[in-house]
Each structure stands twice: as C-alpha cells, then as structure tokens.
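**Q** Structure of the sequence below:
(chains A, B, C and D)
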Protein chains: 4
Amino acid sequence: MAASRILAAEGVLDGYGHVSMRHPGNPERYLMSRSLAPALVTADDIMELDLDSDAVDARGRTMFRERFIHGMIFKARPDVMAVVHSHSPAVIPFGITPVPMKATFHMAGFLYQEPPVFEIRDVAGWTNMLITDNRLGAALADTLGPNPVALMRGHGNVVVGPSIPIAVFRAIYTEVNARLQTTAIMLGGPINYLSPEEGDIITNKEPGDVGRAWNLWRTKALGK
Amino acid sequence: MAASRILAAEGVLDGYGHVSMRHPGNPERYLMSRSLAPALVTADDIMELDLDSDAVDARGRTMFRERFIHGMIFKARPDVMAVVHSHSPAVIPFGITPVPMKATFHMAGFLYQEPPVFEIRDVAGWTNMLITDNRLGAALADTLGPNPVALMRGHGNVVVGPSIPIAVFRAIYTEVNARLQTTAIMLGGPINYLSPEEGDIITNKEPGDVGRAWNLWRTKALGK
Amino acid sequence: MAASRILAAEGVLDGYGHVSMRHPGNPERYLMSRSLAPALVTADDIMELDLDSDAVDARGRTMFRERFIHGMIFKARPDVMAVVHSHSPAVIPFGITPVPMKATFHMAGFLYQEPPVFEIRDVAGWTNMLITDNRLGAALADTLGPNPVALMRGHGNVVVGPSIPIAVFRAIYTEVNARLQTTAIMLGGPINYLSPEEGDIITNKEPGDVGRAWNLWRTKALGK
Amino acid sequence: MAASRILAAEGVLDGYGHVSMRHPGNPERYLMSRSLAPALVTADDIMELDLDSDAVDARGRTMFRERFIHGMIFKARPDVMAVVHSHSPAVIPFGITPVPMKATFHMAGFLYQEPPVFEIRDVAGWTNMLITDNRLGAALADTLGPNPVALMRGHGNVVVGPSIPIAVFRAIYTEVNARLQTTAIMLGGPINYLSPEEGDIITNKEPGDVGRAWNLWRTKALGK
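**A** Okay, the predicted model is just below:
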C-alpha cells in the first residue's frame, strides 16, 4: 500500500500501473491491490493471488487486467520479492528509440546492464499492447531474464527487486536516470556512463542505504 | 464542472480553455460554463446553449467568445458527447512545426491517425486567431472530420469523445503524448510509434478502463 | 502586492525581481514594495517613489537596488502604468543566444515584434550586471523603446503594460512562450510563428480578456 | 537544519545529500545531521564531528558514510564555513559530458571559473562511487581547490561558501544555472556567457543580497 502511494507521489505511477509483493508466508502467492488508481489504494484493497494470477478470495473485487506481469515474474524469478509495473514517463522514449538506457549516476547503478526492451509484436502481432494472459506474462518474464528492469515498447516498464523498498527505489531512480540521460544526450559529446564494474559494485557488493530514501518517500506520501 | 477542474489540475487548461457536454436530454443543446477560468467553475456557472451557441437562458451571464467551437462540432458530429478546447502547452509546438503528432504509447492509442492541423489563415486570413463565429466553428469542425483531436496552429487544440470522461482522458493523454514524443525526438534515431493497427485495437476494439483514471483525477481535483 | 504574489506563484519571479505601478493619482510617482522577496510582500511593504527613484517617505525601509529600471521606464514611457522585472527562467536563454524570441501562439501575440536585448556591456563595460543608477535605467528604457518586453543579457527581462493585470499577463505568457518556442526548436523544421499582422490584431485591435486569467491567478496566489 | 530543509524543498537534495557547517566556536569541528533524509532533519539530529570526521559524542547515532567530503574540505579550506553535497539533478549531466558548466546569468556569477570535475577512477579505480574515507575526501578537496563548486562524475557535486546561506544560495543557483545552460545549448548558436570579469565583480567585489532569497526559502521550507 505504501509502495503504491509513494510511486504515485513521486510521479512514476499515473492512474494506472501497479505494485505487488510475494506473500511473506507463501512463495506461491503474491499480494496486490484490486483494480484501482495507485494513489487511492488503502490496506483494505489488497488481494491475494496465486502465481497463475487467480484470486484466492476475490469477494467480487475486480483485478488488474495486467496482473499476469506479476504472477509470471514471481514464477520465473524466485529471487524477486516485489514487482512494479508503470508508465514511467521519462523512460517510455527509451523503449521506442534505438538509444539504450544506461546508468548515468551511482543511484541508478543497477542499470549497469542495459535493460532489455520487450516487443509485444514479436510474441503476439497486433494487440492492445497489454499483458492480459499468462502466455504474454511469461514472454515478458523471459525478456526480463535476470535483469532488474525491462522496458516495454510503447507501453512502460517493469522493475523488480528483492524487497518492496528496493523495487520502489529502482523504479524511482530508473525514472530519474532517464531524465539525466536525456539531458546528457542533449548536451552532446561522448557520455561517460558508469562502468559495468562500478555498477556491479554498487548493486551487488556494496549496496547503499535504501531505507533512508524509503523513510523520506513514505513520510511525504503518507504523512509517516 | 468536474471536467473543468480536472483539466486545470492536470495542467491541460490554463486560465482559458473550456469543456462542454451535449445535453443528456436534448441532442440539440449543450452545456458549458459561463466565461470563467476553468479552475474556478462551480455547478451554478453551467449554462445551456443551442447548437448555434445562443444561450437558452443567459440571465446576464457572459458566454465564452469561442463557444462556436463546441456548437459546430456537436452539429457536425452526432457521435460526440463532449468537447474540450485547450492551450495544452506541450501540444502547441506540434501545431507550428512540420512534425506530425503520433502515438508513442498505448495510453494515447487514439492518436493512431495523425491529428489534422487547423490553419485559420486558410479560412479567414489575418485574425485574432479565435473561433468567434459559427463560420469559423464550422471550418474547424470540417478540419477535425472524424478524428478525436485537431491541433489549432498557434493557438491550441480541440479534443472530442463519446463521454466527458473519455474526452478528458484524451485531452490529458494528448498532452502527455506530446511530451513523450518531444523527448523521443530529442533522443534521436527512428522512432517506433504505435502502428495504426495497434491504435485501432486500443481505441475501437478493446478500449481500456477510463474510469480508473477518472476517479483518481476527480479525487485529486475535487477532494472526491 | 497581488502582482508580486501572483508572479511568484506562477514561477516567473524567484527570490528577486519586482513589480511596480505608476501612482494612480500622480503620474510623477510610482509604487513599489520595499526590498523583499516578492512572495513575501504585504500591503504594508509598499513604498512611494518619484521618477528618479528617490523615496517620498522611506521611514528606514530599504529599497531595491534596481528600482532605477522602473523610474526610468515610467519617465520614458507615459503609456506605461506597470513594470515587471524578473529572472524568468525560460526567457534567459534567449538573451544569451542569437535566437530571437518570437510569438508562438495567440496568448503571446504581444511578442509579434521581436523583443530587443539589452547588453549592459555596451553601456558600462564590466559590471555586476545590475541596473543600479538612473544612467543605466535610462539606457535600458532606451533599448526597450516602444516594446512591451526587453530581454537583459545574462540577467532577465523587463515587461511593461498599461495596467498591472496586463503587465502580469505579459510577464507570465513571455515565460510560457519561451518554453513553447524552445520545444518547437527542438522538434526541428521551419516554425510557423504568429505573423506580425496577427500579433498586431491580438495586441492592439481586438485584445483578449485579461481579467479571466487575473482572477484565476489571484485566487490561486492569495486564496481570493 | 534550515539549510537541509531548504535544499530539499528547492529540489537540490533528494533522499540523500547533506549539509554541514564549521562549528562557530571551534574551527577544528563541524556540525552535521545524523544519517537521515535532509527533508526530515530536526535540530535534535545535529551531531558534532572533528575534521577527521569522527563524532565527538555519537550516542549511538549513525553518521553519513560520505561525511569525509565535509571534514577534508574544512581541513583544506579555512575560508569555508559551510559545505553542501548533493545529487543536484540538472548538474549531473555536466559531470559526464565534455561540456563545461559556465555562468549563464548574474545569479550564478560564482561559476565564472568553470567548476572542476572530480573523477574518482583516477584516485581509486573501480569503486562504489562514494567518498567513504579521508583519503578520498582529501582527493576531492584537492580537485575542488579554491573553487566554490566541484562536480563529481556520475555522482553529484559539492558546493562551499563562507556561510550557510551563501553555500545554500550557490547550491540552488548551480542547479538553476545548469537548467538555463542546457536550454541555451538546445537553442543553438554561440552562447554569450558571463565574462570572467563580470563573474569576479559579482562574486568578490559587489556581492548581492543573499539574505533576501534566504528569507524566502526559509519561509517556504519551514513556514518561517
């Protein structure tokens, strides 16, 4: 619930997009709000789904049409505890141009491997662009592979992490990094991106303090 | 009233611009606020006009000088139930450059046919740029044709839809799409826009859930 | 007072910049706040100055160092009733590049004559860039000539009008126009600016309704 | 405390970054908050450190990992009374492109000498990009030299001043200047930057009134 509110307050989520977490007591289940704008989510809106994205106890509540993004990623990636899907505005242009997204600063060190771009046309031809079944969800999870972020062409992106705060942190700094990279490209000249070695150290060997930002965002979005 | 407030809160409408809806009980009439900044509109400010944009019961209230945009579109397009006219800031540059606006992501799928650009010079030579009579309104409606959006050179745009929430949704995502397209152009390289087939599916065959965003915007603009 | 607060709320004025009006009862005097960030001005802070920018009754209050901008323009331009000096951020780049500012849309029709750029080096060599005496103020007024706007290289701009609401309107739409023109230039291709004839009609023959925006800005900045 | 809140409110500091001041009674000590997002700092969070960045009285409070930036600059620069380290977003692209930052307007006159760029690779090879010990802090202080600002490649920047208000002023206008310079570069053509002579006058000979902006920012961030 806090994650939905934070991502809406930070401009990553618009009226659409969604956040999920793997069930802390049962790795074959995940938790996600009913179909609702993220800024409006309250604790009562949270539903429990299995990894095929069927509701455990729907009680008449409508589910997100794209919940299959989450179920199939949780199935493919046992290390993933949280998934964010958004229409993060600064990121979308990188999904429709040949320019790869790269890490411009240490806060986005997790982008040291260029995020892959999912092309739904390759899997399903002409569609409404949405991930509306498990086949499409599995194809997206396949493109994501072991990465923390995948772009979705003409749609948005998906960000994963080993916890809700880390997935939220990555979703926010993917958006910030996209703005910085766009500005650097406009300035012109070769860009001195983070090296893979630097990104690897930041992400895997000496991770920073996500809690400091999480506490700030939480306070801003929820008033503590 | 909610539409005016929402579009002001989302940055589409400035002190000018206006929203109208066809009268639910009489297709030969439409409803529109008196001349007032959209952010300040209350239910008491709503007036009833006929399709020639004469007030049914003016009671001394001043009408918008550009109300003829609305009347002539309602006359030409029986399918249209709501009209938004704005100075949507990210969109205006597309009306004064040779770059056509195109759909960058699924939320703006309704732009899969490039919006036409209305050039008032072709109709009336040098003017104050405003649509101040039925002849100009009819010319704009003619340029709009069957499209959901038309740009107005050096002025703004007009967006229509089969309901107030859909017209508001389109006005907001036309603005968002303009920002995304501008960024993609700055990044450089060929841009992979939505195909007409994808836009057609999204717009006409499998329309998304506008109500989810409408509820969010309404809550943000009106406090529920 | 309302003008200062409005321009701060609309992002035209930062901690610096100032607004003045000619004294309604004495054309040889003008009114201006004491030296204070515009967002903090209250009615008690307003001082009366003569056209040489000496205070009529200082009562120990500190005056703006750049008040000579205002006095010298009021002296040179009997038609001017209000002056705004700002560091309007989107406008400053146009004062330091060879790209002239031009009117992109009807709300900025008053820019149909390209605003001149004041170069303080031509008048005074190396300086602190400020207009700190009547000689510099007169030079700036000379560059302004009969125009509504002059840019100040590496500093900001000055905007004048026949009333406070019109000067504020022009200051805000000069900033908006700068953003739109920058975006249009980034899109590329020849830009279809407002013609001088269109700008002249909008500005001099059929002026629009400034009061509608003024009421909105006033409500937003002052809570009515 | 006020400085932290102001810089967060003005968009210079995100969840990270920090501000310090030299101890007013002991030049061998400095004051800095415990490890906390700047927007959340209160007076009780302030700690006292020596110039090797050891806490005088830690009482179990966690210190910033990058406090060595501050200690080593206070040691190298007796004239410096305040240090700001931030991820100022518009500035970061200038640290990763060959485009030097230059002063675009008088408010950023202190940039008349191009800020140097600190490259941590030259000192320590592949790292997590952070200044986590006194050796790295000393190297950064060495790059800073006598300047008010140094960029940190792929990380952020550091800004110093002879008082807290001046350091905060410089941090904010470094960010603003980066935005203006980026826009000027996008407009194209040779840019007429402030001359070194103008910058020197503004910075060293006739400094402006920092207090006017400080009072505004303080009021906005703290409600007075």
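
**Q** which residues in chain A form strands?
**A** Secondary structure of chain A (DSSP state E): strands at A:18-22, A:29-33, A:46-50, A:82-86, A:117-118, A:149-152, A:156-161.

**Q** Show me how far the fifth one is from its chain's centre.
**A** Averaging C-alpha positions (CA atoms, centre = their mean, to the nearest Å) puts strand A:117-118 13 Å from its chain's average.

**Q** average model confidence for that strand?
**A** For strand A:117-118, mean pLDDT rounds to 98.

**Q** Then the longest one?
**A** When the per-residue pLDDT values of strand A:156-161 are averaged, the result is 98.

**Q** do the same with stretch A:83-93
**A** Mean per-residue pLDDT for stretch A:83-93: 97.

**Q** Show the end-to-end separation of that stretch, please.
**A** 21 Å (CA to CA, to the nearest Å).

**Q** can it be found next to chain B?
**A** Yes. Using CB under 8 Å from any CB of the partner chain, stretch A:83-93 reaches chain B at A:87, A:89-90, A:92-93. For every residue, glycine as well, the C-beta is placed using N, CA and C.

**Q** what's around residue A:123, how many residues?
**A** Residue A:123 sits with 16 neighbouring residues when counted by other CB atoms under 10 Å in any protein chain shown.

**Q** Equivalent analysis for residue A:122, please.
**A** Residue A:122: 10 surrounding residues under other CB under 10 Å.

**Q** contacting residues for it?
**A** Not one residue lies near residue A:122 by CB atoms under 8 Å, 6 or more residues apart in numbering or on different chains.

**Q** and it, how far is that from residue A:116?
**A** Remark: distance between residue A:122 and residue A:116 (CB to CB, to the nearest Å) = 12 Å.

**Q** could I get the residues of stretch A:83-93 next to chain B as TSV with distance to chain C?
**A** Formatted as TSV, the residues of stretch A:83-93 next to chain B follow (distance: CB to the nearest CB, whole Å):
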residue	distance to chain C
A:87	21
A:89	15
A:90	15
A:92	17
A:93	13
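
**Q** Buried ones among the residues you listed?
**A** The neighbour count (16 or more other CB atoms under 10 Å in any protein chain shown) marks A:87, A:89-90, A:92-93 as buried among those.

**Q** Tell me the one among the residues of stretch A:83-93 next to chain B nearest to chain D.
**A** The closest of those to chain D turns out to be residue A:90 (CB to the nearest CB; 11.2 Å).

**Q** In contact with that closest one, which residues?
**A** Each residue near residue A:90 by CB under 8 Å, 6+ apart is listed here: A:175-176, A:178-179, A:182, B:183.

**Q** Just the ones of the residues you listed in helices?
**A** Among these, DSSP state H puts A:175-176, A:178-179, A:182, B:183 in helices.

**Q** Number of residues surrounding the nearest residue to residue A:127 once chain neighbours are set aside?
**A** The spatially closest residue to residue A:127, leaving aside those adjacent along the chain, is residue A:120, at 5.6 Å (CB to CB, 6 or more residues apart in numbering or on different chains). Close neighbours of residue A:120, defined as other CB under 10 Å, add up to 23.

**Q** just checking, residue A:120 touches residue A:150?
**A** No. When contacts are counted by CB atoms under 8 Å, residue A:120 is not listed as touching residue A:150 (11.9 Å).

**Q** anything in the helix or strand bottoming out on mean pLDDT in chain A near chain B?
**A** Sorted by mean pLDDT, DSSP states H and E, the helices and strands of chain A end with helix A:210-222, the least confident at a mean of 85. No. With CB under 8 Å from any CB as the criterion, chain B is not reached by helix A:210-222; the gap is at least 13.7 Å.
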